[in-house]
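Peer 1: sequence unknown, structure follows:
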């Protein structure tokens, strides 16, 4: 199995197939998981920036502009997180985690 596999194929990946991955494939997949964590961590601090003004602003227009910029930044970060979350490498781990949870309930 290649490091990046088609989503339909990734959805069918089993524990045994992952055990057959080489080191490079595992590193790519784990790096993608790390990227998801970094993106989530970044969003944790982004939302308060939108809803909590850090200081008084001279005008409503300045406040609105800063709010708009912060909201647009968070929207872009959310899109990047969604793209990473739906990547083939992450899909493999999500599928295996779901299978593992079903087995041990």
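Peer 2: Everything's here; your move. This one's a predicted model, so the numbers in the text were calculated from it and none came from an experiment. Residues are numbered from 1 along each chain as shown.
Peer 1: what's around residue 32, how many residues?
Peer 2: Residues lying near residue 32 (other Cβ atoms under 10 Å) number 20. The C-beta positions use only the backbone N, C-alpha and C, and glycine is treated the same way.
Peer 1: residues touching it, list them.
Peer 2: 84, 87, 89-90 (Cβ atoms under 8 Å, 6 or more residues apart in numbering).
Peer 1: just among those residues, which is most surrounded?
Peer 2: residue 89 (22 neighbours).
Peer 1: would you mark the buried spots in the helix or strand where that one lies?
Peer 2: Here residue 89, judged by DSSP states H and E, is contained in helix 88-103. When burial is assessed from 16 or more other Cβ atoms under 10 Å, helix 88-103 yields the following buried residues: 88-94.
Peer 1: other SSEs contacting it?
Peer 2: Packing contacts for helix 88-103, counted by 3 or more Cβ pairs under 8 Å, 6 or more residues apart in numbering; DSSP states H and E, involve helix 7-10, helix 15-19, helix 23-51.
Peer 1: C-terminal to the last one, what's the next element?
Peer 2: Yep, that's helix 23-51 we're talking about. Following helix 23-51 toward the C-terminus (DSSP H and E): helix 60-85.
Peer 1: got the contact list for the nearest residue to residue 43 once chain neighbours are set aside?
Peer 2: Nearest residue to residue 43, sequence neighbours excluded (Cβ to Cβ, 6 or more residues apart in numbering): residue 77, at 5.8 Å. Neighbour list for residue 77: 39, 42-43, 46 [criterion: Cβ under 8 Å, 6+ apart].
Peer 1: the residues you listed, buried ones only, as a PyMOL selection?
Peer 2: Applied in PyMOL, the following selects the buried portion of the contacts of residue 77 according to 16+ other Cβ under 10 Å:
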select buried, resi 39+46
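Peer 1: if anything else comes up later, I'll come back, but that's it for now.
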